[in-house]
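# From the sequence below, what's the structure:
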Amino acid sequence: MSYLNTLVNIPDPTSLILIVVGLAFIYLGSRKGLEPLMLVPIGFGILLANIPLSGLNDPPFGLLYLIREKLLITEVLPCLAFLTIGTMMDLRPLLRRPWLLLFGISGQSGVIFALILALLIGFDFREAVAVGIIGCADGPTAIFVSTKYAPHLLGAIGLAAYTYISMVPLLQVPLMRALISKREMNIKMPITSGDDVSEVVVIAFPVVLILLSLLFMPSALPLIGMLALGNFLRESGVTELVDRYAKTASTSLADVVTLLLGLSVGSALSSNVITASPDLPIKVVTVFVLGIIAFVGDLIVGILTGKIVSAFSVGRVNPAIGASANSAFPVSARVVQREVSRAAPGNIILMYSLTTNLAGQITSPIFAGIILTLLGVYGI
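Next up is the predicted model:
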């Protein structure tokens with residue numbers, strides 16, 4: 001039988017299951033339109049990593065192995081991902097309404113939910129921290145933390161984080177319909193922009209962000225520093241920086257980084273990794289369940305925060321914007337606007353939901369950095 005397996009290259013049962021998972025992700029991304037830029041590379045990463053005798057995932061020179069070990073584990077890809085994100089972020093609306101950062105903070109609540117649950121069901125503390133960061137709903141941040149604290153769970157954590165980003169419409173819509181009344185959906189907010197924010201403030205903000213990170217959350221500096229650099233390139237006003245560096249980072253580099261991130265995350269889910277420890281398969285499945293709980297918790301707390309702010313503002317804030325208080329930018333904000341338009345045709349709150357979504361994107365690495373810094377102080 002072993003001779004036959006070698007002759008026709010039959011995968012072992014675990015590899016077969018993972019190959020089916022990879023094919024499912026390819027199908028969901030290419031045929032159902034669920035985050036195709038991430039799910040298709042992840043699916044191919046899983047598929048190629050589990051084909052026996054291909055050598056693609058074998059040390060020391062397998063292509064997938066090299067991408068994962070030299071670019072992902074070393075934090076190069078997560079940091080470059082934040083550089084590209086920074087070049088796409090217009091922070092003016094958020095700088096004009098800094099109170100919306102409150103929603104971004106509320107959107108990190110899922111981290112606490114998932115961390116506590118992970119501890120209760122038997123994960124050790126370092127694993128629980130890595131799993132909890134899925135609650136940020138931010139793929140690069142989740143990958144960054146897992147490479148430090150639980151590299152053996154990297155594939156499951158990265159896959160879970162990006163899967164839930166693609167599931168935003170499936171999870172967000174029913175929660176919004178259940179928790180937000182039609183009367184609340186009808187609340188109109190003034191349509192304004194951030195054009196009146198001083199250019200000095202816009203340019204200074206990335207530098208201030210780096211300095212604050214240096215003082216209070218140095219562990220997050222790799223991510224926040226690259227985010228700030230990308231945003232500074234975008235807002236510098238220097239033609240050479242904007243037209244060359246910022247444009248390249250927000251287009252070509254972003255595409256390359258996304259492709260390599262997907263392939264490397266998928267390749268971490270190989271049969272030899274999954275079967276390396278007897279309890280690892282159960283932990284991988286549990287990570288997905290905890291990820292759903294974390295993301296649903298984010299959405300619920302964000303909506304409830306919106307309802308509280310709306311009550312204190314005497315009905316001047318539409319609580320629906322709280323549903324986009326996460327890092328799934330800009331998908332979550334668009335879902336909010338679509339649901340508001342369904343319940344209250346003509347009510348436009350897209351600028352506010354995008355700004356709240358942006359607040360979630362910024363606070364996710366900050367929140368992760370605070371946790372990592374505190375753990376570093378206590379030697380964990």
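
# Now do the helices in the stretch 201-350 of the chain.
Under the criterion DSSP state H, counting those that start in this stretch, helices of the stretch 201-350 of the chain are mapped to 221-235, 239-240, 247-248, 254-267, 271-274, 280-312, 331-343, 350-377.

# which regions of this protein sit below the pLDDT cut-off?
Within the chain, the ranges that satisfy pLDDT under 70 run 1-9, 137, 192-195, 377-380.

# how about 50 then?
For the chain, the stretches with pLDDT under 50 are 1-4, 7.

# Spatially central residue in it, please.
With distances taken as C-alpha atoms, centre = their mean, the residue of the chain nearest its centroid is Asp138 (1.6 Å).

# So what's the residue count around Ala204?
Around Ala204 sit 13 other residues, with neighbours defined as other C-beta atoms under 10 Å. In short, each C-beta sits where N, CA and C put it, glycine included.

# With Lys148 instead?
Number of residues near Lys148 (other C-beta under 10 Å) recorded here: 16.

# List the contacts of it.
Residues near Lys148 by C-beta atoms under 8 Å, 6 or more residues apart in numbering: 130, 372.

# Remind me which helix or strand it belongs to.
Using DSSP states H and E, Lys148 falls within helix 139-149.

# Now the element after that helix, going C-ward?
Moving toward the C-terminus from helix 139-149, the next helix or strand (DSSP H and E) is helix 154-166.

# Tell me the helices and strands packed up against that following helix.
The elements that helix 154-166 packs onto, with contact taken as 3 or more C-beta pairs under 8 Å, 6 or more residues apart in numbering; DSSP states H and E, are helix 36-49, helix 139-149, helix 254-267, helix 280-312.

# Tell me which of those lies nearest to Met189.
The closest of these to Met189 is helix 280-312. By C-beta to C-beta, the value is 10.2 Å.

# can you give me how far the closest one is from the chain middle?
13 Å (C-alpha atoms, centre = their mean, to the nearest Å).

# quick revisit: the residue nearest to the centre of the chain reaches Ser364, doesn't it?
Yes. With contact defined as C-beta atoms under 8 Å, Asp138 reaches Ser364; the gap is 4.1 Å.

# Overlap of the contact sets of these two?
Ser327.

# Can you tell me the SS state at the closest residue to Leu39 other than its chain neighbours?
With sequence-adjacent residues excluded and distances taken as C-beta to C-beta, 6 or more residues apart in numbering, Leu39 is closest to Gly29, at 3.3 Å. With DSSP: H, G, I helix; E, B strand; the rest coil as the basis, Gly29 sits in helix.

# try the one 4 residues further on
Local secondary structure at Gly33 is given as coil here, using three-state DSSP.

# Please report how far it lies from Thr251.
With distances taken as C-beta to C-beta, to the nearest Å, Gly33 is found 21 Å from Thr251.

# can you check Ala325 too?
Distance, Ala325 to Thr251, by C-beta to C-beta: 28 Å.

# Repeat that for Glu235.
To Thr251, Glu235 is 17 Å away according to C-beta to C-beta.

# can you check Leu229 too?
Counting by C-beta to C-beta - Leu229 and Thr251 are separated by 17 Å.

# out of the two, which sits in the busier spot?
Using other C-beta under 10 Å as the criterion, Leu229 and Thr251 rank with Leu229 on top: 19 against 13.

# show me the contacts for that one.
Leu229 makes contact with 83, 86, 206, according to C-beta under 8 Å, 6+ apart.

# What about the closest residue to Met351 other than its chain neighbours, how many residues nearby?
Excluding the flanking residues, the one nearest Met351 by C-beta to C-beta, 6+ apart is Pro93, at 6.1 Å. For Pro93, the tally of surrounding residues (other C-beta under 10 Å) stands at 20.

# What values do phi and psi take at Pro278?
Main-chain torsions, Pro278, degrees, to the nearest 10: phi -60, psi -30.

# cool, Ile180 as well?
phi -120, psi 120.

# ok, it - contacts?
303, 306-307, 319-320, 323.

# Flag every buried residue along stretch 169-176.
169, 171-173, 176 (16 or more other C-beta atoms under 10 Å).

# Let me know the closest of those to Ile112.
In terms of C-beta to C-beta, no member of those lies closer to Ile112 than Leu171, at 18.4 Å.

# quick one: that closest one and Thr163, what's the gap?
Leu171 sits at a distance of 11 Å from Thr163 (criterion: C-beta to C-beta).

# quick one: contacts for Ser166?
Counting by C-beta under 8 Å, 6+ apart, Ser166 makes contact with 28-29, 34-35, 38-39.

# wait, Asp12
52, 271.

# try 7 Å this time
Residues in contact with Asp12 (C-beta atoms under 7 Å, 6 or more residues apart in numbering) are Ser271.

# same thing with Gly306?
Applying C-beta under 7 Å, 6+ apart, the residues near Gly306 are 317, 319-322.

# hmm, try it at 10 Å
Applying C-beta atoms under 10 Å, 6 or more residues apart in numbering to Gly306 gives the contacts 102-103, 106, 179-180, 184, 317-325, 336, 356.

# Quick check: closest non-adjacent residue to it.
The shortest distance from Gly306 to any residue other than its chain neighbours is 2.6 Å, reached at Gly322 (C-beta to C-beta, 6+ apart).

# I'd guessed the one you found sits against Ser109; true?
No. Between Gly322 and Ser109 there is no contact under C-beta atoms under 10 Å: 11.3 Å.

# Neighbour count: the two, which is higher?
When Gly322 and Ser109 are compared for neighbours, Gly322 comes out ahead with 31 against 21, by other C-beta under 10 Å.

# residues contacting that one?
Contacts of Gly322 by C-beta under 10 Å, 6+ apart are 102-103, 106-107, 176, 179-180, 299-310, 336, 353, 356.

# circling back: give me the buried subset of the contacts of Gly306.
Buried members of those, counted by 16+ other C-beta under 10 Å: 102-103, 106, 179-180, 184, 317-325, 336, 356.

# what about the residue nearest to Leu39, how many residues close to it?
22.
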